[in-house]
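# Build the 3D model from these lines:
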Amino acid sequence: SRLTWRQPHHTLAAAEMGTCDIALERVHALLRVDAGNGSLYNHIVQLARTLAEEKPKDALEQVEALSRRLKESAFRGPPSPEEPELSVAAKAAEDESKSCAQSFMLLRSPSDPLAAPKVLGVVQNYLEDAAILEWAGVGFGKQESYHLAMSLRQLAAESGLESLRLWGKVLGTASDYYVAEGTLGASEPTPVALPGSPDDDVEPRGQGANRCIYWVTKGGFDPWVRLPHARASQIRAARSIKHMMSGDLSSEVISTPWFPGGEEQLLRAQIARITSTCMLAPKGYFEVDEEAPVKNTIRMVEGALEAFPSPEELATQGGWVHAAPFLLSTGKSGWPDLEALEGKITEEQAEELKALAENEPEKAMLEGIETDLEELKPEEAESGPAWSIKNYGDEGVYSSGDGTKTLRVTAIRSMIWPGAVTVVKGTRFANLYVGYGMKCGTLVGPEKESGLPLRGTMPLMPLAPEDIMDEPGDLEEHEEPNPIQDEQESDKEEVDVDPDQ
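Numbering: from 1, shown residues only. Below is the predicted model:
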């Protein structure tokens, strides 16, 4: 007979009880899961307790309605916001209300009506200039022009400037810069900086690239931010790169070659370059003030309005001059004063500076624009390629009192800095720049000798490198010396002579 083994009855019962306990624990855990509005276990307990308390006759029929009521009472959603969200129309109305309040702040008188009136400097009437610029196809619209005019008046009241005008608008990838140009009172004389020192990198206020002070704003009702002084090293570096502004003054300038600064410094350097080339005035309107303590200071000629150039003369390049100092290759408008540096630098340094000044002499103020890029002028052309002049509006001449009057608007545009324009109507003229702040070489012809585009406008990244230095001259060959033989001859000793020689 075969022997069979059977598990004891109490062992099977213990196993079955263990399995039941595990399943029961899982059911309890599942019932106690809280998904945010309570658990199923609590809901069943509360349902049973309510049935026991109320003891309805038709409990089976009311259990579903009672369960739904308990669920709704136990709902725990996100708390309601303290303030209700505004609709699209309400948001638009609120924004319009804020804009009106800010506009009212601009329209308000800059001085306290209960106090003595505040004396402002000479502020450009941009609305009148905008009407002339509109004929040349340049402008920002009537509403934006009005905001800019009022914003300039507010800036003049807050800064205490002697003069203020709208310089232009520099376009960027994310936002744009409106630029204002102003002048302060005479600054205290500064000692002459030694060549190569950090102070020598920045021209004093009122001179050269720092003749004026500049502010920028993103438009609308944003505040004006003052830009730093221009540095000669940054102007030189800006000539070697092409970089579009982003609209953020604190952003980095990633370029090759490396630029020593951020977008704030690059913007200031480009403003200095554009101003030096594109700030124009009618011929005979300004004169150099020889009595001024600051070099290259200009003033309005007495009787300039009576002797204003004729419309025919203003329609040619011979009727216009540069009204800003010319920047040399060093990034400054002039060379150091050797007389003031006498005893502070060596004779070799003085001779080197003198040689540099002779190779690149300073350009005089109020120089005519007809000589710009004269070397690129075609033989058959009557004027240089740096400027384009066009007349707009009614070109008729009418009698007005003892003289004549014309409604013609003449616009002269730069072909080197696209976006720079000067307009004139009657005896009123204005300068404005609206562009990306980059030099262009495709609107003028290439260099005649090399065939390359205008220097500093190569459409490559990086730009064309500087000229390579000439190869050094060949060294003169000498016979190999014989130091041993020289020592023996000096000591009057016998010298072994090679029998083959």
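
# what about K169, which SS state?
strand (DSSP: H, G, I helix; E, B strand; the rest coil).

# i'd like the first residue to be 246 from this point on
Will do, 246 is the new start, and the previous item becomes K414.

# Which strand residues bridge it?
Judged by DSSP bridges, the bridge partners of K414 are Y423, V679.

# Pretty sure it sits against V679.
Yes. The pair K414 and V679 passes the contact test of C-beta atoms under 8 Å, sitting 4.8 Å apart. C-betas here are computed from N, CA, C, even on glycine.

# confidence score at M706?
On pLDDT, M706 comes in at 53.

# I would like the residues contacting stretch 470-482, please.
With C-beta atoms under 8 Å, 6 or more residues apart in numbering as the test, stretch 470-482 has contacts from 445-448, 450, 454-455, 458-462, 494, 502-506, 509-514, 516-518, 572, 574-577.

# And the buried ones among these, selectable in ChimeraX?
Only the buried entries of those go into this ChimeraX selection, using 16 or more other C-beta atoms under 10 Å:
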select :446,447,448,450,454,455,458,459,460,461,462,494,504,506,509,510,511,512,513,514,516,517,518,572,575,576,577
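
# Give me the subset of the contacts of stretch 470-482 lying in strands.
458-462 (DSSP state E).

# just to revisit the earlier point, between K414 and V679, which has more neighbouring residues?
The neighbour comparison of K414 against V679 (other C-beta atoms under 10 Å) goes to K414, with 21 against 17.

# quick one: contacts for that one?
385, 421-424, 678-679.

# Closest to S628 out of these?
Minimum distance to S628 across those is 21.6 Å, recorded for Y678 (C-beta to C-beta).

# any idea of the pLDDT on the nearest residue to that closest one once chain neighbours are set aside?
The shortest distance from Y678 to any residue other than its chain neighbours is 3.3 Å, reached at G413 (C-beta to C-beta, 6 or more residues apart in numbering). G413 is assigned a pLDDT of 96 by the prediction.

# related to what we said a few turns ago, can you list the ones in strands among the contacts of stretch 470-482 in TSV and add pLDDT and distance to M350?
Below are the ones in strands among the contacts of stretch 470-482 laid out as TSV (pLDDT from 0 to 100; distance: C-beta to C-beta, whole Å):
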residue	pLDDT	distance to M350
I458	94	24
Y459	96	23
W460	96	18
V461	97	20
T462	95	15
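
# Tabulate these in JSON lines, adding columns for distance to P436.
Formatted as JSON lines, the ones in strands among the contacts of stretch 470-482 follow (distance: C-beta to C-beta, whole Å):
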{"residue": "I458", "distance to P436": "21"}
{"residue": "Y459", "distance to P436": "25"}
{"residue": "W460", "distance to P436": "28"}
{"residue": "V461", "distance to P436": "31"}
{"residue": "T462", "distance to P436": "35"}
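
# Farthest pair within those?
Most distant of those, by C-beta to C-beta, are I458 and T462, 14.3 Å apart.

# Can you verify my assumption that S404 contacts G427?
Yes. The criterion here is C-beta under 8 Å, and S404 meets it with G427 at 6.9 Å.
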